[in-house]
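Enquirer: Got a sequence here, can you build the structure:
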Amino acid sequence: MSVRVSVILGRKGGDVVTIPGDAAVIDAVAALGEHNIGALVVSETGDTVDGIISERDIVRRLAQDGATVLQAAVADVMTADVRTCGADETADQVMQTMTTHRLRHLPVLEDGRLVGVVSIGDVVKSRIDDLTTQAESMQDYISGSV
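Expert: Okay, the predicted model is just below:
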């Protein structure tokens, strides 16, 4: 049985680092480094999703346009068509979405409001934790210590 996204957020926390679309890309780079994360949700209000800007988006534009992209607006570089997930979705469902669409980060919405972000690392860690717990339970059952 796969854990729900709400449980993953409960373990890691629901803090979301956002940036407005009119901020400069250099500010996004600074925020990514400061928070040691791979993507920022682009949001004017902090609880909506206008887009997402990732390290990948920035590197691709750097390769295309050079260092001048660092002065561009985040809205000009971000991915505007953002896939999201709900807190009630399972880790397996999220993993499938991430794999199918080659995504590393999914904003989590609840009633249309941004409540967190899950990364592929969060999902994999959760799956490994679940498998470890299952293996330990089976070992305890087999050895008769339950």
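
Enquirer: Okay, now the unreliable bits of the chain?
Expert: 1, 145-146 (pLDDT under 70).

Enquirer: mind exporting the longest helix along it as CSV, just the C-alpha atoms?
Expert: What stands out as the longest helix in the chain, according to DSSP state H, is helix 120-143. This file holds the C-alpha atoms of helix 120-143, laid out as CSV (Å, rounded to 0.1, in the frame of the first residue of the first chain):
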residue,chain,number,x,y,z
ILE,A,120,11.1,12.9,-6.8
GLY,A,121,13.6,12.5,-3.9
ASP,A,122,10.8,12.9,-1.4
VAL,A,123,8.8,10.2,-3.2
VAL,A,124,11.7,7.8,-3.5
LYS,A,125,12.6,8.3,0.1
SER,A,126,9.1,7.6,1.2
ARG,A,127,8.9,4.4,-0.9
ILE,A,128,12.2,3.2,0.5
ASP,A,129,11.0,3.9,4.1
ASP,A,130,7.8,1.9,3.4
LEU,A,131,9.7,-1.0,1.9
THR,A,132,12.1,-1.1,4.8
THR,A,133,9.2,-1.1,7.3
GLN,A,134,7.5,-3.9,5.4
ALA,A,135,10.7,-6.0,5.3
GLU,A,136,11.3,-5.5,9.0
SER,A,137,7.7,-6.5,9.7
MET,A,138,8.0,-9.6,7.6
GLN,A,139,11.3,-10.5,9.3
ASP,A,140,9.7,-10.1,12.8
TYR,A,141,6.7,-12.2,11.7
ILE,A,142,8.9,-15.0,10.3
SER,A,143,11.2,-15.0,13.4
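
Enquirer: Just the buried positions in that helix, please.
Expert: Ile120, Asp122, Val123, Ser126, Arg127 (16 or more other Cβ atoms under 10 Å). (Glycine included, C-beta is placed from N, CA and C.)

Enquirer: Verify the contact between the third one and Gln96 for me.
Expert: Same thing as Val123. No - distance between Val123 and Gln96: 10.1 Å, which falls outside the contact criterion (Cβ atoms under 8 Å).
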